[in-house]
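>>> Sequence first, then the predicted structure, then my questions.
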Amino acid sequence: PDEILFNMAINMMGRLGHEDDALELFDDMKSQGITATKYTYTSVMHLCSKVGKYHQAAALLAEMQSLGFPADEAICTTVICIYGRVGMYEEAEKVFKEMDATGLLTNERTFTAMANVRAKAGQYTSALQLLQEIHARGLPMTKFAWTSLIKCCANEGNLEDARQVFHAMLKVGFADVVAFTCMLNLYTNLGLIMEAKSLLLNLQDMSVQPDQELYGAMMKFVCSVGLLDEAEFILVEMQEKGMLVNNFINTMLLQAYGKAGRIQDAEQLFKGLDYLDDVAITTMVGVYDENGQMEQAISLSKKLLELGQSSDISTYNNLIIKYAKNGALDIVESLYRQMKEHGISPNEATISAMISSFGRKGLYQKALDFFHDCSTLVFGPSLAMYNSMIGVCIKCGQLRNAFHLFEAMEKLGLKSDHVTISMMVHALCQEGMLEEGKRLIQQSKESCIQLDTVAYNTFIKAYMEAGTLEKCIEIFEEMQSLGLKPSCETYTIMISVFGRAGKIEKAVNIFDLMKRTDALDEISYSTMINCFGKSGRHRDAARLFQEMSNNGVPPNEVTYFIMMNIYAKLGLVGLVEGLLKEMQNKGICPNAATYLPILSAYRRNCSGAEAEEHLYEMYKLGLNPDVRHFHEVILGFGKEKKVNEATRVYKDIDRVGLVPDTVCHKTLLQIFLDNGYIDEGVQLYEKTCKSVKQDAVFFSLAVDAYESSGKHYEAAQVRKQMKDKGLDYFSRFKLTTQDTQHRRQIEQIG
C-alpha cells in the first residue's frame, strides 16, 4: 500500500472511533519507510489530541517542522488546543501571536480555541475579549464559539453578560444543555434562587434533555436550597435513564440531608454507595458532627485509617484540622489517639492546628505538653509548630515563655519569619513595650527577614493607641519606602491616625486613594465618617454615610453608632431615632451601645423623661444597660434641674445590680451643688469618698460642698489631700472639660 491508502485507512479508523488502531497503523506506515504527508501528520495530530496523547501530538508537530511542512491555520489551531490541554499557556499564546502576524487568523475556531486556553488558565476577561473580536472581524459566531462565550461569562461570574449571551443563544437556537448548565451553576453560585427556578421551568418547556453535567448542576441547586424532594426525584430520574450517579452527586445529597437533620436518610444513602472513597466518608463524618453525633463521627473516621491510602491519611489530617478550628477538642484528641494507635504521625499543619486549638480554649499547659510531645517526632519541631506555640503563649498571657520559645527556636537554627515577628511585635506593643517592638523589627531587617504588611499594621496601631501619632506617620512612610504595598487595613488605620492628629485633609487623601482602587469597605467608610464627626465636619459625615449606601457598601452597626453619635452631639433627636428605625428595618439588631447616642441626644435636649423611657425600654428588648446609660439620664435630669429625678435614677443603678462609677458620683454631686442641695452633696461625698478613685474634679466639688455648708475645717482637710497628691483646685468646676473627655473615651470604647 502507498501513502494514499494509509491516509484513507487512518482517516476511516479515526472516524469510526478506533483511534488506537489508527495510531498503530501510522507507526506501521513509518516503519515501512512510507513518507507521511502533511495531511497524514495533521490527521494523526487530531487523533492524538482526541485521545489525550498530547505530548505525542507535540512530538509530531516538531517532526513536521523538521521536515519543513508549512504551518496552516488548522495545524496551528490544533497545536493551540494541545498546548492548552497540557497547561503550556505561554506557548499557546506565542503560536496565536505568530498566526496573527502571518495573517493566518481567518477562522473563528482559532479564536475560540485560544479563548478556551485562556479560560482554562483562569484569564476569563481576556478570553471574553478574544471571543468578542470574532464579531469585530466579521467572522461568523458558530455554536462552538457561543458555547465558549457563555462558559467564560459563567466562570467569571459575569451575570449581566452571561444573561445577554444566553438570550442570544436562545434566539439563534444554540441554547443547548451546556448553556443551561452554565447558567444554572452561575445562578446557584450567586444565590439567585428565583432565577434558577425560572431557568429549570424554561428547561422543561424547551424539552432539553439533561446530561450528566446538567443533572449535577440541578442537584447542586436543589441541595443548596434544601429542596430534598426534588433532589430525590432527580436521583431516581438519573437511575431510570441508566446514568451513572457518581459520588459527587451522592455527597451533595448527603450534605443536604445533614443540614436538614435527616440522619437516617443520610445513613441509608451512605450505606447504598457502591464505592466508599475518602470524600464520601469525610462527608458522612461531617453529617454526624454537624448533628452532634460525635461517637458515630469518630467511629466512621476509623475507616479512613483502615483504608491505609495516603490520600485517606491526608483526609484524616484535614478532619483533625477542621475539628481543631471548630474547638471540638474531644473529637480532636480521639482522632489523634487513633492515628497513634495505627502508627501514623500527624503532619506539621495538624500539630500546629491542635496546639492553636488548645490555646484558644486557654489550655496553655496542655498545648505546651503536646508541643513537647510532638517535638520528638521524626521531622522534629518546625517553624509552624513554634509559631503556633508562641501564639498560644501570647494569648494565654505567658509573654516570658513566648520569648523563651523565640530564643530556643533561633538556637535550633529555625529562622523566624514574618509571622513570628508579627506575633512578637503585637505582644510587645500590647504590653506597652514599644521600644522593644521597634528593636525587634530592626533586628529582623538586619537578618533580612521580609516583614509583611501585617507586622507594620500592628506596629502602627500600637503607636496610635499609645497616642504617638507622629511615629505612626513615620512608620507608614518607612513602609512605603521599602516597597511594601499598604493593605486596606493599613490605609484605614492611617485615616484614623491623621484624623486623631487633626490632619483631616491627609485622611481624606488616603480615603480618596482607596476609592480610586475600589478598596473601600464598611470599616474604612466608618473610620472616615468618624474622623469627619470628630473634626466638626458633620455635613461631610452625613454625605459620606449616604454615599456609602449608594455605592453598595451597607453600613454595619458600628457605622450606625458613629453616625447616631454625631447627630446626638448636635441634639438632633429625630435623626438619631430615624437611624435606629433604619437599622431595624435592615435587620441589624441594635445592641446596648446603640442606645447611648439616643440617650445622649435626649439629654442634650433637656429631655430626661424621654431618655429614661428609652433606658427602661432596653430591658424589654433584652438589652442590659450599664452605668454609662444611667449617667446620660442623670445628666438629662440635671440639665432640667430635676434633682429628685436625677437622684432616683442614681439610686436605680444600685437597684438593678450595677455599681455607680466615679463619673456618676461627680455628676450627681455637681447637680446637688448647682441646685443648692448642699447637705445632700456633703452626704454623697462622705458616703463615696473611700470607695472611689478621687481626682481633682471630685476633690474640688467636695471643697465647694464643705465650704458652702460652713464646714471650713473639712474643706481645708480636702485641700491638704489635694496638695499632697499634687492636684490643683478648680472653683465651682463645671463638668464640661475633663469629665466630658473621660466620658467621650468611654463612648469610643463602647
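Noted; the coordinates are in hand. Computed from a prediction, not measured in an experiment: that's the story for all the values here.
>>> List the buried residues in stretch 170-177.
174-177 (16 or more other C-beta atoms under 10 Å). Every residue, glycine included, has its C-beta placed from N, CA and C.
>>> Can I get stretch 464-484 in PDB, CA atoms only?
What follows is stretch 464-484, C-alpha atoms only, in PDB (Å, rounded to 0.1, in the frame of the first residue of the first chain):
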ATOM      1  CA  MET A 464      -1.700  55.100  67.600                       C
ATOM      2  CA  GLU A 465      -3.200  53.600  70.700                       C
ATOM      3  CA  ALA A 466      -0.300  55.000  72.700                       C
ATOM      4  CA  GLY A 467      -1.000  58.400  71.200                       C
ATOM      5  CA  THR A 468       2.300  58.700  69.500                       C
ATOM      6  CA  LEU A 469       0.800  59.800  66.200                       C
ATOM      7  CA  GLU A 470       3.900  61.300  64.500                       C
ATOM      8  CA  LYS A 471       5.600  57.900  65.000                       C
ATOM      9  CA  CYS A 472       2.700  56.200  63.200                       C
ATOM     10  CA  ILE A 473       3.200  58.500  60.200                       C
ATOM     11  CA  GLU A 474       7.000  57.900  60.300                       C
ATOM     12  CA  ILE A 475       6.400  54.100  60.200                       C
ATOM     13  CA  PHE A 476       3.900  54.400  57.400                       C
ATOM     14  CA  GLU A 477       6.300  56.400  55.300                       C
ATOM     15  CA  GLU A 478       9.100  53.800  56.000                       C
ATOM     16  CA  MET A 479       6.800  51.000  54.900                       C
ATOM     17  CA  GLN A 480       6.100  52.700  51.600                       C
ATOM     18  CA  SER A 481       9.800  53.400  51.100                       C
ATOM     19  CA  LEU A 482      10.500  49.700  51.400                       C
ATOM     20  CA  GLY A 483       8.100  49.000  48.600                       C
ATOM     21  CA  LEU A 484       5.500  47.300  50.800                       C
END
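>>> Buried ones in it, by neighbour count?
Applying 16+ other C-beta under 10 Å to stretch 464-484 flags 464, 469, 471-473, 475-476, 479, 484 as buried.
>>> so which of the residues you listed comes closest to Q584?
Nearest to Q584 among the buried residues of stretch 464-484, counting by C-beta to C-beta, is M464 at 33.3 Å.
>>> And the closest one, how close does it get to G502?
14 Å (C-beta to C-beta, to the nearest Å).
>>> Mind checking what secondary structure P660 has?
Under DSSP: H, G, I helix; E, B strand; the rest coil, P660 falls in the coil class.
>>> What pLDDT does the model give M528?
On pLDDT, M528 comes in at 94.
>>> check contacts around it.
495, 499, 507-508, 511, 544 (C-beta atoms under 8 Å, 6 or more residues apart in numbering).
>>> Please put the alpha-carbon coordinates of the helix or strand hosting it into CSV.
Element membership for M528 (DSSP states H and E) is helix 522-534. Output in CSV follows, covering the C-alpha atoms of helix 522-534 (Å, rounded to 0.1, in the frame of the first residue of the first chain):
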residue,chain,number,x,y,z
GLU,A,522,-17.6,49.4,55.7
ILE,A,523,-14.6,49.7,58.1
SER,A,524,-12.8,52.4,56.0
TYR,A,525,-16.1,54.2,55.5
SER,A,526,-16.9,54.1,59.2
THR,A,527,-13.4,55.4,60.1
MET,A,528,-13.6,58.3,57.7
ILE,A,529,-17.1,59.2,58.9
ASN,A,530,-15.9,59.2,62.5
CYS,A,531,-13.0,61.5,61.5
PHE,A,532,-15.4,64.0,59.9
GLY,A,533,-17.6,63.8,63.1
LYS,A,534,-14.6,64.4,65.4
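>>> Please point out which parts of it sit buried.
By 16+ other C-beta under 10 Å, the buried positions in helix 522-534 come out as 523-534.
>>> Buried residues in stretch 327-343, which are they?
328-329, 331-336, 338-339.
>>> What mean pLDDT does that stretch get?
Here the average pLDDT along stretch 327-343 is 78.
>>> Give me the contacts around that stretch.
Taking C-beta under 8 Å, 6+ apart as the rule, stretch 327-343 contacts 289, 294, 297-298, 301-302, 305, 316, 319-320, 323-324, 345-346, 354, 357-358, 360-361, 363.
>>> cool, stretch 536-544 as well?
With C-beta under 8 Å, 6+ apart as the criterion, stretch 536-544 contacts 504, 525, 528-530, 532-533, 563, 566, 570.
>>> Kindly export it (C-alpha atoms) in CSV.
Backbone C-alpha positions of stretch 536-544 (Å, rounded to 0.1, in the frame of the first residue of the first chain) are rendered in CSV as follows:
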residue,chain,number,x,y,z
GLY,A,536,-16.8,69.0,63.4
ARG,A,537,-17.5,68.4,59.6
HIS,A,538,-20.9,67.0,60.3
ARG,A,539,-22.2,67.6,56.8
ASP,A,540,-19.3,65.7,55.2
ALA,A,541,-20.0,62.8,57.6
ALA,A,542,-23.7,62.7,56.6
ARG,A,543,-22.8,63.0,52.9
LEU,A,544,-20.3,60.1,53.2
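>>> Off-centre distance for it?
29 Å (C-alpha atoms, centre = their mean, to the nearest Å).
>>> what's the neighbour count on K438?
Look at K438: counted by other C-beta atoms under 10 Å, it has 18 neighbours.
>>> Actually, L199.
20.
>>> got JSON lines for the buried residues of helix 522-534, with distance to P210 too?
Shown next, in JSON lines, are the buried residues of helix 522-534 (distance: C-beta to C-beta, whole Å):
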{"residue": "I523", "distance to P210": "45"}
{"residue": "S524", "distance to P210": "46"}
{"residue": "Y525", "distance to P210": "45"}
{"residue": "S526", "distance to P210": "47"}
{"residue": "T527", "distance to P210": "50"}
{"residue": "M528", "distance to P210": "51"}
{"residue": "I529", "distance to P210": "51"}
{"residue": "N530", "distance to P210": "54"}
{"residue": "C531", "distance to P210": "56"}
{"residue": "F532", "distance to P210": "56"}
{"residue": "G533", "distance to P210": "57"}
{"residue": "K534", "distance to P210": "60"}
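>>> Quick one: neighbours of H372, just the number.
Around H372 there are 11 residues (other C-beta under 10 Å).
>>> Name the helix or strand for it, please.
Assigned by DSSP H and E, H372 falls in helix 364-374.
>>> Against which helices or strands is that helix packed?
helix 348-360, helix 383-395 (3 or more C-beta pairs under 8 Å, 6 or more residues apart in numbering; DSSP states H and E).
>>> Would you enumerate the residues in contact with the residue nearest the centre of the chain?
The centroid of the chain falls nearest to D521 when counting by C-alpha atoms, centre = their mean (12.1 Å). Contact partners of D521, counting by C-beta under 8 Å, 6+ apart, are 488, 553.
>>> burial count for K687?
10.
>>> in which helix or strand would I find it?
helix 678-688.
>>> Please save the CA atoms from that helix in PDB.
The C-alpha coordinates for helix 678-688 follow below in PDB (Å, rounded to 0.1, in the frame of the first residue of the first chain):
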ATOM      1  CA  ILE A 678     -25.600  71.400  99.800                       C
ATOM      2  CA  ASP A 679     -26.200  68.900 102.700                       C
ATOM      3  CA  GLU A 680     -27.100  66.100 100.200                       C
ATOM      4  CA  GLY A 681     -23.900  66.900  98.400                       C
ATOM      5  CA  VAL A 682     -21.800  66.600 101.600                       C
ATOM      6  CA  GLN A 683     -23.500  63.300 102.400                       C
ATOM      7  CA  LEU A 684     -22.900  61.900  99.000                       C
ATOM      8  CA  TYR A 685     -19.200  62.800  99.100                       C
ATOM      9  CA  GLU A 686     -18.700  61.300 102.600                       C
ATOM     10  CA  LYS A 687     -20.600  58.100 101.600                       C
ATOM     11  CA  THR A 688     -18.500  57.600  98.400                       C
END
